[in-house]
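Asker: just the structure for this:
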Amino acid sequence: MLGDPRWQPAVSVALILEYEAVARRGAARLGLADWVVESIVDMFSRVGLQHGIRPTTFGISADLRRTEFAAREQISLEELVSDALSEKFAGAEYLRRRAARASAESFRAALDQIPDTEPEPWDRLP
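Answerer: Numbering: from 1, shown residues only. Okay, the predicted model is just below:
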């Protein structure tokens, strides 16, 4: 899987947090250590498809919704945009930090810890 361009998990902060939560539940059932989950999720961050921040053009209705939201929250439109960009950059930094921790050796060692068992009935391919 490593280095295979056909295998690129979708990655976003929300997805990484979800992958980690699901992996931790499975790890607890199997009695696996925290480092196993950390190593696998870190590798997902490293090889995952990461979407950069791209300029977006919005229509008039989107501009109006943002303006109405800013007015309702009693903040300026500039503050709203600044907050949104700050969150986007913080998320990108979180993914970069997780990716930087990843190592192929740790990932392989983590996979070696997972017992070879049949998947649960609800998790089987049809």
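Asker: could you pull out the helices in the protein for me?
Answerer: 13-30, 34-47, 60-73, 77-101, 104-113 (DSSP state H).
Asker: wait, which of those is closest to D4?
Answerer: Among the helices of the chain, helix 34-47 comes nearest to D4, with 9.0 Å by CB to CB. All C-beta spots, glycine's among them, are computed from the backbone N, C-alpha and C.
Asker: any idea how far the closest one is from the chain center?
Answerer: 11 Å (CA atoms, centre = their mean, to the nearest Å).
Asker: swap in stretch 94-108?
Answerer: Distance, centroid of stretch 94-108 to centroid of chain: 13 Å (CA atoms, centre = their mean).
Asker: and what of stretch 95-115?
Answerer: 15 Å.
Asker: please apply the same query to stretch 99-116.
Answerer: On CA atoms, centre = their mean, the centre of stretch 99-116 falls 17 Å from the chain's centre.
Asker: give the rounded mean pLDDT of that stretch.
Answerer: For stretch 99-116, mean pLDDT rounds to 94.
Asker: then it to PDB, C-alphas only?
Answerer: Extracted in PDB, the C-alpha atoms of stretch 99-116 (Å, rounded to 0.1, in the frame of the first residue of the first chain):
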ATOM      1  CA  ALA A  99       2.100  13.500   8.600                       C
ATOM      2  CA  ALA A 100       5.500  14.500   9.800                       C
ATOM      3  CA  ARG A 101       5.300  12.000  12.700                       C
ATOM      4  CA  ALA A 102       4.600   9.100  10.300                       C
ATOM      5  CA  SER A 103       7.200   6.600   9.500                       C
ATOM      6  CA  ALA A 104       7.000   3.500   7.300                       C
ATOM      7  CA  GLU A 105       8.700   1.400  10.000                       C
ATOM      8  CA  SER A 106       6.200   2.400  12.700                       C
ATOM      9  CA  PHE A 107       3.300   1.900  10.300                       C
ATOM     10  CA  ARG A 108       4.400  -1.600   9.400                       C
ATOM     11  CA  ALA A 109       5.100  -2.500  13.000                       C
ATOM     12  CA  ALA A 110       1.600  -1.300  13.900                       C
ATOM     13  CA  LEU A 111       0.100  -3.400  11.100                       C
ATOM     14  CA  ASP A 112       2.000  -6.400  12.500                       C
ATOM     15  CA  GLN A 113       0.200  -5.900  15.900                       C
ATOM     16  CA  ILE A 114      -3.300  -6.300  14.300                       C
ATOM     17  CA  PRO A 115      -4.500  -9.900  14.500                       C
ATOM     18  CA  ASP A 116      -5.600 -11.700  11.400                       C
END
